[in-house]
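1. Here's a sequence, model it:
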Amino acid sequence: MTLSLVTAGESHGPALVAILGGLPAGLKLDQEQIRADLRRRQQGYGRSPRQQIEQDELEVLAGLRQGKTLGTPLALVVGNRDHKHWAWGMSPWPPEGEPEGKGTTPVTLPRPGHADLAGLLKHDFDDVRDVLERASARHTAVFVAAGSVARQLLREIGIEVSGSVLEIGGATDEEAMHAAIDKARAEQDTLGGIVEVRAQGVPPGLGSYADKAERLDGRLAQALAGIQAVKGVETGEGFALARLPGSQAHDEIFKDERGYYRETNRAGGVEGGLSNGEEIVLRAAMKPIPTLMKPLRSVDISSGESAEALVERSDTTAVEALAVIAEAAVAFELAKAAREKFGGDALIDFVASYRAYVERIDWSPR
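-> The predicted model follows:
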């Protein structure tokens, strides 16, 4: 028993779609919580005007009846309100009539730092828009909706996942972050940053040491590294551990009447591919957004001549949004690992299996 997720949709297409499979029947979903998570993804200092255009709303097409999951695939849709301006340019079928609106002219100026050029070469396209519409981080909206569902499943067994911003453009407090963003905006530049995700209440034993593909730390790292613009991931103290001797790098084991515990958590809650019962701590580094209002040098693919890259509406920074997206990614991967561990076609069976397991190993969250 596992979770599965398939998403589809383009940045300026009609809608974004997710099919979430493997949920147990009987999970009561909080609609307002999903809406709140979608709003959180759109907020943040330095976001583009598109966030005011979209106002993301979730529609459920299948797998839910009167607020409870049916144990069948959950079909989620987030519409693109801006699509009305791109109806001709993003039409699924060859459009009729004269070109109108946006997206009617081929894009031939790939952006450094984006998937534009490599994607165009890979798929033999002659219009960069065939790449950038899917490579865009816009489709993370529906991924956040799926992650919100996963978080609600995890809460049934006492696991809470939260994301936060650690720094933006090297600044670590809110006032300095805002000043850095204002400066970058004035200079028509962009900024990256670092976010952290913490998961509390994760029991020991999720994941596996037996197979590379099932190692929890590898799965969580891939979940974060697979988010647009993320270029680095660490678990626990991560790279800092490489500079310590072994006597200082590892978390000593103790036991009291409540069970095993650690006084430190340098491993970030994962050892040998398994959760170890401590808080899971992950960090992800985001590069600056590659769509610049003051474009970098590129090459026009239609003429082969030197030119400046595509300029299209963009955020100055989206690090606060990344914290929400990373939270969703970690929640989904932990929920998937929990489904593999505890199974159950009905929520009551899933929860009962969890309770029997933690009772057997004599573990409770601290």
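2. Tell me the bridge partners for Val197.
-> Residues in a beta bridge with Val197, per DSSP bridges, are Gly163, Leu282.
3. From Lys255, how far out is it?
-> Computed as Cβ to Cβ, to the nearest Å, the Val197 to Lys255 distance reads 28 Å. Any C-beta I mention is one placed from the backbone N, CA and C, and that applies to glycine too.
4. out of these two, which sits in the more crowded spot?
-> Remark: of Val197 and Lys255, Val197 carries more neighbours, 24 against 9, as counted by other Cβ atoms under 10 Å.
5. ok, the more buried one touching Gly163?
-> Yes. Judged on Cβ atoms under 8 Å, Val197 makes contact with Gly163 at a distance of 4.6 Å.
6. Flag the shaky bits of this protein, pLDDT-wise.
-> Within the chain, the stretches with pLDDT under 70 are 48-54, 313.
7. State which helix of it is the longest.
-> The single longest helix within the chain, with elements called by DSSP state H, is helix 319-342.
8. chain center to that one, what's the gap?
-> Relative to its chain's centre, helix 319-342 lies at 8 Å (Cα atoms, centre = their mean, to the nearest Å).
9. do the same with stretch 107-118
-> 22 Å.
10. Pull the residues that contact it.
-> 120, 126-129, 131-132, 135, 287-288, 290-292, 295-303, 307-310 (Cβ atoms under 8 Å, 6 or more residues apart in numbering).
11. now do stretch 15-22
-> So stretch 15-22 is contacted by 1-9, 63, 73-80, 83, 138-139, 141-143, 145-146, 149, 336, 339 (Cβ under 8 Å, 6+ apart).
12. So among those residues, which ones count as buried?
-> 1, 3, 5, 7, 9, 63, 73-80, 83, 138-139, 141-143, 145-146, 149, 336, 339 (16 or more other Cβ atoms under 10 Å).
13. Can you pick out the ones from those that are in helices?
-> Counting by DSSP H, these place Ala141, Val142, Phe143, Ala145, Ala146, Val149, Lys336, Arg339 in helices.
14. List just the nearest of these to Arg155.
-> Relative to Arg155, the closest of those is Val149; by Cβ to Cβ it sits at 10.9 Å.
15. Could you check how far the closest one is from Ala328?
-> Val149 sits 9 Å away from Ala328, going by Cβ to Cβ.
16. go on, Arg39?
-> Computed as Cβ to Cβ, the Arg39 to Ala328 distance reads 13 Å.
17. circling back to that earlier point, now the contacts of stretch 107-118: which count as buried?
-> 120, 127-129, 131-132, 135, 288, 290-292, 295, 298, 301, 307, 309-310.
18. Where helices are concerned, which of those count?
-> Judged by DSSP H, the subset of the buried ones among the contacts of stretch 107-118 located in helices is Leu120, Arg129, Val131, Leu132, Ala135.
19. Please list all residues in contact with the first one.
-> If a contact means Cβ under 8 Å, 6+ apart, then Leu120 has Pro110, Asp126, Val128, Asp130, Val131, Ile301 as its contacts.
20. what does the fourth one give?
-> Under the criterion of Cβ under 8 Å, 6+ apart, the contact list for Leu132 reads Ser11, Val107, Arg111, His114, Ala115, Asp116, Gly119, Leu310.
21. Could you do the second one as well?
-> By Cβ under 8 Å, 6+ apart, the residues touching Arg129 are Gly89, Gly103, Pro106, Val107.
22. residues contacting Leu38?
-> Asp56, Glu57, Leu58, Val78, Ala141, Val144, Ala145, Ser148.
23. Let me see the contact set for the residue nearest the centre of the chain.
-> Centroid-nearest residue in the chain: Ile325, 3.4 Å away (criterion: Cα atoms, centre = their mean). Residues in contact with Ile325, defined by Cβ under 8 Å, 6+ apart, are Arg41, Ala137, Thr140, Phe143, Val144, Gly147, Ile227.
24. ok, now Pro288?
-> Gly113, Asp189, Thr190, Leu191, Gly192, Ala229, Thr317.
25. part of a helix, is the second one?
-> Which is Asp189. No. Secondary structure of Asp189 (DSSP: H, G, I helix; E, B strand; the rest coil): coil, not part of a helix.
26. how close does it get to Gly46?
-> Distance from Asp189 to Gly46, counting by Cβ to Cβ: 11 Å.
27. Tell me which of these two has more neighbours.
-> A count of neighbours by other Cβ under 10 Å puts Gly46 above the other of Asp189 and Gly46, at 24 against 17.
28. element containing that one, please.
-> Gly46 belongs to no helix or strand when assigned by DSSP states H and E.
29. What separation do you get for it and Ala180?
-> Counting by Cβ to Cβ, the gap from Gly46 to Ala180 is 9 Å.
30. which neighbours do these two share?
-> Ile168, Leu191.
31. Please report the number of neighbouring residues for the residue lying closest to Gly9 once chain neighbours are set aside.
-> Distance criterion Cβ to Cβ, 6 or more residues apart in numbering; nearest residue to Gly9, sequence neighbours excluded, is Leu16 at 3.6 Å. Leu16: 23 surrounding residues under other Cβ under 10 Å.
32. Please confirm that Leu16 is located within a helix.
-> No. With three-state DSSP as the criterion, Leu16 is assigned strand and is not in a helix.
33. Show me the beta-bridge partners of it.
-> Going by DSSP bridges, Leu16 forms beta bridges with Val78.
34. Now do it against Ser148, distance only.
-> The value you get for Leu16 to Ser148, if Cβ to Cβ is used, is 14 Å.
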